[in-house]
Structure formats: structure tokens, C-alpha cells
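> got a sequence here, can you model it:
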Amino acid sequence: MIKLVLIASILFVSGILIAMIVDAINQSDQQQVNSEIKNGAENNDNSNDSTDETTTNNDQNLDQNIDENKTIDKKEKTGEEQTDQPSNSESNSNEFTENGQWQPIGTKQEEPHITTFTKESIDWQEMVKAITYATNLSEEQMIIWRLENGGAPNLARGVVSTSMTKETPYEVKLEWVTNEGWKPVEVNVLDQNPYIKR
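Numbers count the residues shown, from 1 in each chain. You can find the predicted model right below:
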């Protein structure tokens with residue numbers, strides 16, 4: 001009987017010890033799981049922060065690129081305006097379209113072309129049109145000081161100004177392009193007007 005009580009006691013104590021060990025293992029596993037969950041949550045927070053920072057940086061870079069593109073667009077537009085047509089300012093600026101970059105203005109005349117410097121001729125009208133194209137001056141505001149031969153049958157030279165730029169007129173050189181009309185090839189601002197009597 002004592003043996004039976006002793007065996008029952010040993011089994012009881014052993015069962016308690018086993019239960020405690022199992023409980024300790026479960027608690028350890030639960031702590032590890034909780035720790036992993038916590039670390040995962042922190043990593044997600046950090047990842048979200050990093051994503052937010054990346055998004056913010058990407059937004060800033062996009063804004064910067066848009067601003068740079070706007071600046072480039074403005075520069076390109078300014079360059080195009082200067083390339084296609086010279087400034088309409090009354091200043092003594094020499095910022096025209098790069099010489100030789102204009103197109104022929106077209107013509108109503110047939111070939112073979114013979115240059116005519118009479119004011120009533122179509123040739124004169126087309127030369128004036130080419131000069132307005134090159135200088136960006138309207139015919140109404142333009143004073144024609146001289147329109148003459150440019151040194152060869154297919155060349156012409158005009159000296160023009162506005163009433164405000166009489167002292168420093170524009171010199172425009174034109175070239176006849178077969179079947180396409182007069183083409184401006186060079187524009188300069190003269191230091192003085194040789195056609196004003198002093």
C-alpha cells in the first residue's frame with residue numbers, strides 16, 4: 001500500500017513537472033511569436049515610413065522635373081521665337097534669327113526671274129514682304145531708306161527702320177531662290193544711317 005501511494009505520488013509530481021515544462025515551452029513559443037509579430041509590425045512601420053519618404057522624394061523629384069521642364073520649355077519657346085522671328089523691340093539689339101535660317105517667302109512670279117527695283121512691281125512688293133519677315137516690322141511702321149541690288153542679279157539689299165530707330169536702321173540682305181521667292185539671309189543693325197543728311 002505504501003508502494004502504491006509512493007508510485008501515485010511520483011506520478012502526480014511527475015505530471016505536475018511535465019505540465020510545468022509544457023507550459024514553460026508554450027510561454028516561450030508564445031513570446032517568440034509575439035516578438036516576431038512585434039518585429040514584423042515595426043518593420044512594416046519602417047517600411048511604410050520608407051515608402052512615405054520614397055513617395056515624398058519621388059513627388060519632390062517629379063515637381064523638380066516639372067519645374068525644370070517648364071524652364072526648358074520657356075527657354076525653347078524663347079529660342080524658337082528668336083529663331084523664327086526677330087524681336088520686335090525698338091532697341092539697338094543685334095538678336096535676330098541666326099543669319100541664313102529664314103525660309104523663302106514664296107512668289108507669284110515665274111522663272112526666269114528678273115529682279116526689278118521699281119516700287120510698283122511685284123518684285124518690290126515681295127522684297128518688302130521678305131524684309132518685314134526678317135525684321136518683324138510691319139509695312140505700316142517701316143521706313144524704307146534704300147532697296148537696291150545686293151551685288152548680283154539674284155541678290156538684294158534693303159535698309160529700313162521705324163521712326164524710333166532712324167539713326168540705327170536694319171540692313172537686310174536677300175537672295176532669290178528659284179521658284180520660291182526672296183529669302184532673307186542676313187540682318188544687321190547699322191551703327192548709323194548713311195541715308196540721313198547730317
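
> got the domain ranges for the chain?
The chain breaks down into these domains under automatic domain parsing: 1-84, 88-198.

> look at the closest residue to Leu155 other than its chain neighbours and say how many residues are nearby.
The shortest distance from Leu155 to any non-neighbouring residue, by C-beta to C-beta, 6 or more residues apart in numbering, is to Glu175 (5.7 Å). Every residue, glycine included, has its C-beta placed from N, CA and C. Using other C-beta atoms under 10 Å, Glu175 has 18 neighbouring residues.

> so which elements touch the one helix or strand Glu175 maps to?
Assessed by DSSP states H and E, Glu175 sits inside strand 170-177. Under the contact criterion of 3 or more C-beta pairs under 8 Å, 6 or more residues apart in numbering; DSSP states H and E, strand 170-177 touches helix 122-135, strand 155-161, strand 181-189.

> in the chain, mark out all the helices, start to finish.
Using DSSP state H, the helices of the chain run over 2-84, 122-135.

> rank the ones you listed by pLDDT, which is bottom?
Set side by side, those give their lowest mean pLDDT on helix 2-84, at a mean of 57.

> ok so, going back, could I get the helices and strands packed on strand 170-177 in CSV, plus columns for distance to Asn149?
As requested, these are arranged in CSV below (distance: least, C-beta to C-beta, whole Å):
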stretch, distance to Asn149
helix 122-135, 11
strand 155-161, 7
strand 181-189, 13
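
> mean neighbour count and distance to Ile25 for those - can I get that in JSON lines?
Output for those, formatted as JSON lines (neighbours: other C-beta atoms under 10 Å; distance: least, C-beta to C-beta, whole Å):
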{"stretch": "helix 122-135", "mean neighbour count": "21", "distance to Ile25": "94"}
{"stretch": "strand 155-161", "mean neighbour count": "22", "distance to Ile25": "102"}
{"stretch": "strand 181-189", "mean neighbour count": "20", "distance to Ile25": "94"}
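
> and Ile144, which of those is closest to it?
Ile144 lies closest, by C-beta to C-beta, to one member of the helices and strands packed on strand 170-177: strand 155-161, at 5.4 Å.
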